Structure formats: C-alpha cells, structure tokens
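K.L.:
Sequence first, then the predicted structure:
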Amino acid sequence: MADTMLKMKDVSKIYVLGNQKNARKAQKAIHNLSKKYIRFTKKGNKTEAAKAEKFIAKAQRLFTEEKYEQSYQSITGRKIKPKSGKGSVVHALNGVSLEIKAGELVAIMGPSGSGKSTLLNMLGILDQPTSGQIHIDSSDVTATKGRNLPGLRSKKLGFVFQSFNLVPTLTALENVMLPLKYKGLHLRTRKKQARDALETVGLGDRLDHKPAELSGGQQQRVAIARSIVSNPAIILADELTGELDSKMTEEVMRLVLKLNKAGQTFIIVTHNPDVAKLCRRIIYMKDGRIEKETKNSR
Amino acid sequence: MREIIKNMFRRKGRTVLTVFGITIGIFAFTVMGSMAEKISLLVSGGTEFYSDKVTISQSDSLFLSGPMNVNKAAEIEKVDGVKAVSASVFTSLSKTFDAVSFGPPASITGEQLENRELESFKITYSSGRQIEEGDRGKVVIGADLVKKLDAKVGSNVKIRDKDYEVVGIMEKTLTAPDNSVVMTLPDVQEIYFGELPEIVQSQSKPSEVVNGFTVYPNEGVDPNQLAAKIDNEVSDISAFGPQDFQDQIASATGIFNAILFGVALISLIVGGLSVINTMTMSISERTKEIGIKKAVGAKTKNILGEYLAEAGLIGLFGGLLGWGLGALTVFFVNSATESSGNQIFLLSARISVFAIIFATVLGVLAGFYPAYRATRINIVKALREE
C-alpha cells in the first residue's frame, strides 16, 4: 500500500476573538501543555504523557463549556478572576483525525464556517493547532520549532489559493521561480525548473506575461505550476476554482487530474460538487468535525 | 536584485520624494563637510608648519605683527637653544585687507634664504623653480593664485601696480602657501615699508624693517619651552611655539567644524525618518504579497533581506544624488571664486566615500524596523486580505 503522506490526530483549533482575556489565557495553557505532551511522547515518558493527555482532555472539555477560568485552573492550578469580555470564542476545529496516503486526490467539502479553511491552514503549516498532532511525510509538524517551519513548508508543501495569489509585479516565470529562490537554488536551475513546470501546465508560451495579462484559468495554472515546481509531497488547494467560470474550472481540473495521475498528492477544499465529483475521496466537514467520508469509484 | 529595484519604483513619486530627503541630507553633508575639510587641512598644514619652530611677532597675535628692526635677530640668536633665526616679511597681496575672507587672506611673503635647508615644510614646484638670493623683481606664485594673477613661468604679473617676473609656480599644498606670493626679502621689505606710517618711515630704511622672525631650535630643544624662554629674555616681541598655534587657531576651528557637521547630521536624521515612513507604507501595501512569499517558503531572513536591501538602495540613491549635487556645487563655487584666489571647499575622497556609505547605512538602519514588521506578518491574515 502507498505511504502515508499526512496524518492528523485529534487536532483542535480555537480562535479567541476580541477581548476575552481568560479564554486567551486558557487557550495558551492548553497549547503549552499539548506541546509538553508531544515532548513526553517523543522521549517515551509514558506516565507523564498519559497524565498530560488527561489534563488536556479535561481542560478542553471545560473550555468547550465556556468555563475558561476552570479550564485554566485545571492545568496551571492557579485561580484567575472571572471576567466577561466583549469578544467571542470560535471552535474552528474540534478533534479532527485524518490520514492521507501518497497519490490520493482528496476533496474537503462543507458549508461556510465548517472549518475547512482552518483545516487547510493547519495542514499547510500556516497556522499552529491549539492541540493535537500533525505529521507530514514523516515530519512531526507540531514538534518542529517555529523558525524551521518555513523550510519545512517549502520542502513538503505546495499551495494553490482561491484568488491565485500571484505577485502582480512579477512575470509568470518569476512567480514560479519564487519558491525555488527561497530554497537557495542557482538562478539557472531556477529558470530551467520553472520553465519546465510552466510547460507541464501548458503555459510554455506565456513565460513573460504578468498576471494581469493572463486569464483567470491561466493565472490559476501559473499558481499550480508554482506549487509543483519544488516537487512537494502534497499540494493544498483552497477553492482553486472558486473564481473561475465552468470552462476554466474544467481546464484547471483537467490539469489537476493529469498531475494526480502522475503521482502527485492533492488536497482540495471546495464548494463545487462538480470538482468534488472528480476526486476519489470526499471528506465532509461540519462544525469543526469530520461529518462523513465518501469514496468515488471513478 | 531586479525585483528589489522594481519594487522600489512601484510608487515612483513616493520613492523619489524619499530619495530627495536623503539627497538633501547628503548634499548638506557633502558641502558642509567639504568646507570643514578645507579648514581642517589648512589647520593641519599650519600645525605641521609650526610644529618644529618658534615664530616671533611684534604683537600679541601670531598673525597680526607690526614692524621690527632686523637687528632683533642677533638678540634672539643669543638665547640658549636657538640654532638659527630668519627674518621675514608678511603682508597682504592687495593694498587693503579683504574685509571678509575664509582662511588666510592672499599674501606676499619673503624671508632670508640662508637657513632655508632648516625648514622641514618642503614645497615642490609644478613648474619653474624656487626663489633664489638676488632674484630681485622675480616671484614664485602659489597654486590658488595662478588664475587670479594670470601667471605663467617667464611672464610678468602685476603686484601692487608693479611688474614682477614669474620664475616658479608652487604645487598645491592645501594649506597657506597656496594663497601666497613669495619674493626676495628686499622686494617685500620695499612693499611693506611703503605701508608703514610716515613717522616710522622717517626713522628707518626699508632694509631694516621686518615683521617676523622664524626661529629654528637646536636639536632636542622643545620649541614650546624655547618660545617661553625667548619671551622672557628678549624685550618688545612675542614668541609663539606650536602650542600657541593650536590655542589660537586649531581649537576655534574645531568648534566651527562641529557646528557644520551638526547641521549636516540633523538633515540626515530627517532623511532617515522619511525612509522609515516610506518603508512602513510600502510594507503595509504589500502585506498580501509578503504572505504569499512566506507561504511558498520565504524565511524570516529572506523577507528581512529584501526590505533592508530596498531601504539601503533608497539610501544609496539618495547618497549618490546628494553627493553628486554637492560635488557640483563645490566645483562651481570653487571655480567661481578661483579668480579671487580664495577657495572655500575641498571635496576630499574620504568625505565622498563617507557620505555615500553613510547614506546607505542610514537607509538600512531606517529600514530595519519596517522590515522587521514585515517578517511578523501573519500568513493566514495576509492571504485573506483583498
């Protein structure tokens, strides 16, 4: 069977918005303890790890019940004065576990606010989970130090965003060269690899065009070229067809299927059932949890 | 690199204004610095010149002497520690002293030539030769006076309504001799004598009157102590050692230089602040772009480097432009005043190099805070921005 490319275990993410001091404190305490838990498991210190796990579970339960003061106290043992702030607490993810193997084409669907984008941000190491563990291609992301994250990101992951997110002042070729630049490759190698990637997506004749001179579908293909150029383990796509009409959507999805056939792992967040239909595995999310999973036999 | 320059001029007007801010600062620095440089070279030339001798004046000022009898030399020679004494005359080139003058005014000097080999301050000649005994009616011209007097070796120049033959032109020394005409002692004595009040004239002859002596000490004798000793033992004169020159001139010009540099530095600080402002604006405009770059793997040092380089370039451009304008100003003002023999600027290599490096470093330092803020941008928030 294929290798596991991505593994998520009990990943939760809580956003504290506005002025909610106690919630923020409790959230921080949970986050710190879950880092500690990861360290204990790594060292093989089972008794400490089990103890930490129990505390985290308890604190999280209290947190979900909006008893932030007790949640904080259950971890640190210190009391804090109850304060009611104006902000609110959002449980974007509630204990998501997920495993994705090499060469899979996975769609994540769900209504707005179901936690899809947050999940993608976690997967893309753009944001840190409040608790839980994430492994990408055998690297433990949650245990990696902050300053090593950019390196991990550029080695393992490619991104395609809804609004293309190309740098407007750079040409197609320069945009595709960008990830390679941060890998410290030689200019000539960078140019060659970027040109190859653009040819793969069928834009070999548009190298010197600026994003504004390309159609939406072409811009998204440039973005895909940028994501594949550094040979990532996984490509994460956030609503990659969200701003495209049906013809361009087809054009872009044909490219995704072609790359997937060649062995590239994709995770696509989408609203569009037509896009999801093309994927072998569809994960439905609701209220920060995985609601159900279906498999397409294509 | 190309990207950084492109980024810089994405907002042309704003960048150009910021570059101008630095330009003004560096312009002020270059011009003021050149002025200070000229003075400090004059002073250091003077310091060198006066370092190993004692100068005798009739009055309490080193530079405004009155008439003395040449026989005083014999009296001074008797003081213990004196090796030799040369009488000299120093007067201004024009009949009336220039009312306002920067540095020493153009002058005529002449001295006894017997002890010339004792002089440590050597002068070289760009053409012709030095003045010799018996060169009556002949002159050597300082480098800065060539234009003013329209001098060429072999031709005649008019000084105080009298023609003299030019026998030599001095190489530029960057200090006092550039601005002087050297004659034989009897020739200057004649001119000087004509300036004296009739009552003095009636009591002496031109060949008896001088207004300065240069005293060369014996080896191992401190000129400062010798000056004090001469002051004690010889009446009606004042003796000045190297320290007196320092006290009278060097310390005063030090303050002047500090003021000049202070003015220039303040304008640079203002320029630096405008770089901070511009870069902060640029970065908040490019939040999304920075988010993209971070998402595709840019490390903190990449982002920091990009923006520091941009700020440094603004500084460098401003520096080059400011230095260029300053150099032009110095050049034009100097050539305009060249005919009067009184140049007030000296744009030295060290001022130039310092100005440009300083502008660049200033840009980088000013860019540091905005660039640091760029590295702290939250990727998720940046990418959501429209």
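P.N.:
That came through fine.

K.L.:
Could you pick out the residues of the stretch 101-250 of chain A near chain B for me?
P.N.:
For the stretch 101-250 of chain A, the residues in contact with chain B under the definition C-beta under 8 Å from any C-beta of the partner chain are A:121, A:124, A:126-127, A:147, A:150-151, A:153-155, A:159, A:161, A:163, A:165-170, A:174, A:178-179, A:181-183, A:226, A:230. Any C-beta I mention is one placed from the backbone N, CA and C, and that applies to glycine too.

K.L.:
which residues of the chain score low on pLDDT?
P.N.:
All of this is about chain A. A:1-2, A:85, A:297-298 (pLDDT under 70).

K.L.:
please go with chain B instead
P.N.:
Ranges of chain B meeting pLDDT under 70: B:1, B:96-104, B:339-342, B:386.

K.L.:
In it, what residue comes closest to chain A?
P.N.:
Proximity of chain B to chain A (C-beta to the nearest C-beta) peaks at residue B:297, 2.3 Å away.

K.L.:
Pretty sure that residue sits in a strand.
P.N.:
No - counting by DSSP: H, G, I helix; E, B strand; the rest coil, residue B:297 is located in no strand; its state is coil.

K.L.:
Give me the buried positions along stretch B:293-303.
P.N.:
B:293, B:294, B:295, B:296, B:297, B:298, B:299, B:300, B:302, B:303 (16 or more other C-beta atoms under 10 Å in any protein chain shown).

K.L.:
what about it, how long is it end to end?
P.N.:
For stretch B:293-303, the first-to-last residue distance is 8 Å (C-alpha to C-alpha, to the nearest Å).

K.L.:
contacting residues around that stretch?
P.N.:
Identification of contacts with stretch B:293-303 by C-beta atoms under 8 Å, 6 or more residues apart in numbering or on different chains yields A:124, A:126, A:147, A:150-151, A:153-155, A:159, A:165, A:167, A:178-179, A:181-183, A:226, A:230, B:290, B:371, B:374-375, B:377, B:379, B:382-383.

K.L.:
Inside strands: which ones of those?
P.N.:
Per DSSP state E, strands hold the following members of these: residue A:159.

K.L.:
Narrow the contacts of stretch B:293-303 to those in helices?
P.N.:
Judged by DSSP state H, those include A:150-151, A:153-155, A:178-179, A:181-183, A:226, B:290, B:371, B:374-375, B:379, B:382-383 as members of helices.

K.L.:
From the residues you listed, list just the buried residues.
P.N.:
A:150, A:153-155, A:178-179, A:181-183, A:226, B:290, B:371, B:374-375, B:379, B:382-383.

K.L.:
which residues in chain A form strands?
P.N.:
Using DSSP E, strands in chain A cover A:4-17, A:88-101, A:105-109, A:131-136, A:139-140, A:157-160, A:234-238, A:265-269, A:281-286, A:289-295.

K.L.:
which other helices and strands contact the longest strand along chain B?
P.N.:
In chain B, taking DSSP E as the definition, the longest strand is strand B:82-92. Applying 3 or more C-beta pairs under 8 Å, 6 or more residues apart in numbering or on different chains; DSSP states H and E, we find strand B:82-92 packed against helix B:72-77, strand B:107-111, helix B:185-195, strand B:209-210, strand B:212-217.

K.L.:
and residue 71, how many neighbours?
P.N.:
As the question left the chain open, I've gone with chain A. 25 (other C-beta atoms under 10 Å in any protein chain shown).

K.L.:
please go with chain B instead
P.N.:
Neighbour count of residue B:71, defined by other C-beta under 10 Å: 10.

K.L.:
and the buried residues of stretch B:293-303 as JSON lines, adding distance to residue A:77?
P.N.:
Listed next are those as JSON lines, based on distance: C-beta to C-beta, whole Å:
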{"residue": "B:293", "distance to residue A:77": "43"}
{"residue": "B:294", "distance to residue A:77": "38"}
{"residue": "B:295", "distance to residue A:77": "39"}
{"residue": "B:296", "distance to residue A:77": "43"}
{"residue": "B:297", "distance to residue A:77": "41"}
{"residue": "B:298", "distance to residue A:77": "41"}
{"residue": "B:299", "distance to residue A:77": "38"}
{"residue": "B:300", "distance to residue A:77": "36"}
{"residue": "B:302", "distance to residue A:77": "42"}
{"residue": "B:303", "distance to residue A:77": "40"}
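
K.L.:
Return the member of those residues nearest to residue A:92.
P.N.:
Checking the buried residues of stretch B:293-303 against residue A:92 with C-beta to C-beta, the nearest one is residue B:295 at 18.9 Å.

K.L.:
And the closest one, how far from residue A:152?
P.N.:
Per C-beta to C-beta, to the nearest Å, residue B:295 is found 12 Å from residue A:152.

K.L.:
what do you get for residue B:297?
P.N.:
With distances taken as C-beta to C-beta, residue B:297 is found 9 Å from residue A:152.

K.L.:
Check residue A:86 too.
P.N.:
37 Å.

K.L.:
Also residue B:337?
P.N.:
When C-beta to C-beta is the yardstick, residue B:337 and residue A:152 sit 66 Å from each other.

K.L.:
Then residue A:113?
P.N.:
Distance from residue A:113 to residue A:152, by C-beta to C-beta: 29 Å.

K.L.:
Neighbour count for these two, which is higher?
P.N.:
Counted by other C-beta under 10 Å, residue A:113 and residue A:152 do not tie: residue A:152 has more neighbours, with 17 against 14.

K.L.:
residues near residue A:148, how many?
P.N.:
So residue A:148, with other C-beta under 10 Å, has 11 neighbours.

K.L.:
May I have the residues that are in contact with the residue in chain A that chain B sits nearest to?
P.N.:
Closest residue of chain A to chain B, C-beta to the nearest C-beta: residue A:154 (2.3 Å). Neighbour list for residue A:154: A:179, A:182, A:183, A:230, B:296, B:297 [criterion: C-beta under 8 Å, 6+ apart].

K.L.:
excluding its backbone neighbours, what's nearest it?
P.N.:
Of all residues not flanking residue A:154 in the chain, residue B:297 sits nearest, at 2.3 Å (C-beta to C-beta, 6 or more residues apart in numbering or on different chains).

K.L.:
looking at this, residue B:201 is in a helix?
P.N.:
Yes - counting by three-state DSSP, residue B:201 is part of a helix.

K.L.:
and residue 59, how many neighbours?
P.N.:
Looking at chain A here, since you left the chain open. If you count neighbours by other C-beta under 10 Å, residue A:59 ends up with 26.

K.L.:
To clarify, I was referring to chain B.
P.N.:
Residue B:59 has 12 nearby residues by other C-beta under 10 Å.

K.L.:
Give me the phi and psi angles of it.
P.N.:
phi -110, psi -170 (degrees, to the nearest 10).

K.L.:
Which residues are in contact with it?
P.N.:
B:65, B:66, B:238.

K.L.:
in stretch A:172-189, what's buried?
P.N.:
A:172-183, A:185.

K.L.:
again with stretch A:98-110
P.N.:
Those would be A:98, A:100, A:102, A:103, A:104, A:105, A:106, A:107, A:108, A:109, A:110, for stretch A:98-110 by 16+ other C-beta under 10 Å.

K.L.:
mind listing the helices for the stretch 101-250 of chain B?
P.N.:
B:146-149, B:185-195, B:198-203, B:223-233, B:242-245 (DSSP state H, counting those that start in this stretch).
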